[in-house]
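Participant: My questions concern the predicted model and sequence given below.
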Amino acid sequence: MIEVVDLRKRYRRTAAVDGLTFTVRNGSITGFLGPNGAGKTTTLRILLGLVHPTSGKATIDGRRYRHLDRPVARVGAVLEASNYHPKRSGRNHLRMLAAAAGIPNTRVDELTELVGLGNAAGRAVGGYSLGMCQRLGVAGALLGDPKLLVLDEPANGLDPEGIRWLRDFLRTFAGDGKTVFISSHVLGEMQQLVDEVVIIHHGKLIAQGPVSELTARVAGSTRVRTPQATALRESLVQAGFEGTLDGDQLITPAPAERVGELAAAKGIVLHELVADATSLEEAFLELTGGDEIR
Amino acid sequence: MSAALRSEWLKVRTVRTFFWFWVGSAGLILIAAISVVASNGQIESAADDRSVARIAAIALVFGLIAGIVVMAGEITHGTVTQTLLVTPVRERVLLAKVITAALISLFVAVSAELLVLAITVPGASLDVHNSRPVLLGILLAAPLAGALGVGFGAVVRSQGSGIGISLVWLLIGENIVTVMSQSAAKYTPGRAFAALASGEGGHHDLLSMGPGGLVAAVWTAAFVAAGLLVFLGRDV
């Protein structure tokens, strides 16, 4: 589990991260969202031991990155796509990382094939497209077969086919019970991919939770069709929510999950339960006061 | 530690930068040694033997530059990020780089000495016996030069700036110190390394070999310590 507690990072007079606290549970795909300059990259780099926090802590399974045993077997990270020696081949880049981690070269060959760089692996990275660099970054992150992937804007520079590849890959990865923590500005992609989101703004936490809950919260409505609409409305009112009846339909600002829980507790039959389909982008803009995401 | 060393060795082997350092060092030595053979014909005194053997000390400059590139090159290209993701204990990374740079520098120095001997022993009758202190001094100085380069590279964090500053210092800075104070100039890094590689007992502008080696070792330790402090403290 990733745990960030009261994390702060100041650059002279600017607070890049300002008392940030959140958790990412194991086995989830969690999106990390925020406008340009919100502190996402700084937070990820602190988590990975690359940037020193001013105060607070960011841990993985209770330990700072530096103190993890064989970190590549626990965490794989994909950061900037430009962090390569332009004259070194992709294969040699991976071999260099594998040597440092005590991983055999057969794993390197396996991964270059997996990410679709098999034919280009022997070429100098300076001749790679941005998308190929991203794939190389993913291969590097997977060297130690980690349980957690941390990705900073991995879709940058990928063409639609590359984005689809990444999405399918991350779904497969998370399907094995592994954890993905991903920052991205492509909110449409994120909505299709992530289970939960952490939204930050000016270095502070704005919201955290399941995507459906956040979109429902912002949209302010869940639609329910039930033969016991009046009874359900009473339960909702007792729980502190409003409810508007319309025949056998009930419209309420309560999140869909909460409505389902209340109905189950009272033994109320539901024929339909729909969270208002507000997009993640709309929810994001609402939560951050309309700041454009980058 | 051995894994970090293997990785550093792969970094050196998989780009041609260090090969070109070796070629550059060999080329300069070749030119200097051939010109000695062409101009003198025969070497007649032990002092001349030592003077000719000192041609191999050119390798120390290349060793220093190699050290700078081993460290600052990773920061310049950004690959240090991935290095630290695999090996997050920064002290271990720096130590592996110090050892790697010291070995590269030693290799360049050994090659340089072999080249000098191969040309000047048959060409100008260089007496190997008389040259031994110089050859030993260069071999002792080479790993120190590589290690110092790593420390300096960690401080400046840019391979271009690191190489530029170090060459300007060696060619101009140390001469300015000499003009200001000849006694103080003996203790500058370049003069200390020159003293270690001199194979002689010292004279008016150089320490003798032993104290020179000691001062060179102190400079190396100081730069490596400064580099470590910067490397530990800076964000990547």
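Facilitator: Structure's in. What do you need?
Participant: Please enumerate the strands of the stretch 101-250 of chain A.
Facilitator: A:148-152, A:179-183, A:196-201, A:204-210, A:222-225, A:244-246, A:249-252 (DSSP state E, counting those that start in this stretch).
Participant: How about the residues of chain B by chain A?
Facilitator: Residues of chain B lying near chain A by Cβ under 8 Å from any Cβ of the partner chain: B:3-4, B:6-7, B:10-11, B:14-17, B:73, B:77-79, B:81-89, B:233, B:235-236. For the C-beta atoms, the positions are set from N, CA and C on the backbone; glycine is no exception.
Participant: buried subset of these?
Facilitator: The neighbour count (16 or more other Cβ atoms under 10 Å in any protein chain shown) marks B:3-4, B:6-7, B:10-11, B:14-15, B:17, B:73, B:77, B:79, B:81-88, B:236 as buried among the residues of chain B next to chain A.
Participant: Could you tell me which residues of the stretch 1-150 of chain A lie near chain B?
Facilitator: Residues of the stretch 1-150 of chain A lying near chain B (Cβ under 8 Å from any Cβ): A:45, A:48-52, A:65-66, A:68, A:71-72, A:75, A:77, A:79-80, A:82-89, A:92-93, A:95-97, A:99-102, A:140.
Participant: pLDDT weak spots in chain A?
Facilitator: In the predicted model, chain A carries pLDDT under 70 at residues A:216-220, A:276-278, A:290-294.
Participant: mind listing the helices for the stretch 1-150 of chain A?
Facilitator: For the stretch 1-150 of chain A, the helices defined by DSSP state H, counting those that start in this stretch occupy A:40-47, A:71-74, A:90-101, A:105-114, A:130-142.
Participant: What of chain B?
Facilitator: All helices of chain B, identified by DSSP state H, fall at B:2-13, B:17-40, B:46-53, B:58-77, B:80-86, B:90-124, B:128-156, B:159-168, B:174-180, B:182-185, B:189-198, B:209-233.
Participant: counting contacts, what elements does the shortest one pack onto?
Facilitator: If I follow you right, that is helix B:182-185. helix B:174-180 (3 or more Cβ pairs under 8 Å, 6 or more residues apart in numbering or on different chains; DSSP states H and E).
Participant: If you average the pLDDT over the helix it packs on, what comes out?
Facilitator: What helix B:174-180 shows for mean pLDDT is 93.
Participant: what's near enough to touch residue 88?
Facilitator: Assuming you mean chain A. A:Met96, A:Ala124, A:Val125, B:Lys11, B:Thr14, B:Val15 (Cβ atoms under 8 Å, 6 or more residues apart in numbering or on different chains).
Participant: wrong one, I was asking about chain B
Facilitator: Counting by Cβ under 8 Å, 6+ apart, B:Pro88 touches A:Gly49, A:Tyr65, A:Arg66, A:Leu68, A:Pro71.
Participant: Can you get me a residue count around the last one?
Facilitator: Read that as A:Pro71. When neighbours are counted by other Cβ atoms under 10 Å in any protein chain shown, A:Pro71 registers 25.
Participant: ok, now the fourth one?
Facilitator: Other residues within reach of A:Leu68, judged by other Cβ under 10 Å, total 17.
Participant: wait, what's in contact with it?
Facilitator: Counted by Cβ under 8 Å, 6+ apart, A:Leu68 has contacts A:Ile60, A:Asp61, A:Arg74, A:Val75, B:Pro88.
Participant: Between these, identify the one with the most neighbours.
Facilitator: Greatest neighbour count in those, by other Cβ under 10 Å, goes to A:Val75: 26 neighbours.
Participant: So what pairs up with it in the strands?
Facilitator: Taking DSSP bridges as the rule, A:Val75 bridges to A:Leu148.
Participant: That one touches A:Pro146, doesn't it?
Facilitator: Yes. With contact defined as Cβ atoms under 8 Å, A:Val75 reaches A:Pro146; the gap is 5.3 Å.
Participant: contacting residues around residue 131?
Facilitator: All of this is about chain A. Here A:Gly131 is in contact with A:Gly157, A:Leu158, A:Asp159, A:Gly162 (criterion: Cβ under 8 Å, 6+ apart).
Participant: was after chain B, sorry
Facilitator: Neighbouring residues of B:Ser131 by Cβ under 8 Å, 6+ apart: B:Asp49, B:Arg50, B:Val52, B:Ala53, B:Leu117, B:Gly199.
Participant: What is the neighbour count of the fifth one?
Facilitator: A count of nearby residues for B:Leu117, using other Cβ under 10 Å, gives 18.
Participant: measure it to chain A for me?
Facilitator: 33 Å (Cβ to the nearest Cβ, to the nearest Å).
Participant: Quick check: that residue touching B:Val128?
Facilitator: Yes. Counting by Cβ under 8 Å, B:Leu117 touches B:Val128, with 6.7 Å between them.
Participant: The one helix or strand A:Leu262 maps to vs strand A:204-210, what angle?
Facilitator: Using DSSP states H and E, A:Leu262 falls within helix A:256-266. Using axes from the mean of the first three to the mean of the last three Cα atoms, to 10 degrees, the direction of helix A:256-266 lies 50 degrees away from that of strand A:204-210.
Participant: Quick check: chain neighbours aside, which residue is closest to B:Ile104?
Facilitator: Residue nearest to B:Ile104 in three dimensions, not counting chain neighbours: B:Ala66, with 4.7 Å by Cβ to Cβ, 6 or more residues apart in numbering or on different chains.
Participant: now that neighbour: how far from B:Ala4?
Facilitator: Distance from B:Ala66 to B:Ala4, counting by Cβ to Cβ, to the nearest Å: 18 Å.
Participant: Which positions within the longest helix anywhere in chain A qualify as buried?
Facilitator: Longest helix of chain A, by residue count under DSSP H: helix A:160-175. Residues A:Gly162, A:Ile163, A:Trp165, A:Leu166, A:Arg167, A:Phe169, A:Leu170, A:Phe173, A:Ala174 are the ones in helix A:160-175 that count as buried (16+ other Cβ under 10 Å).
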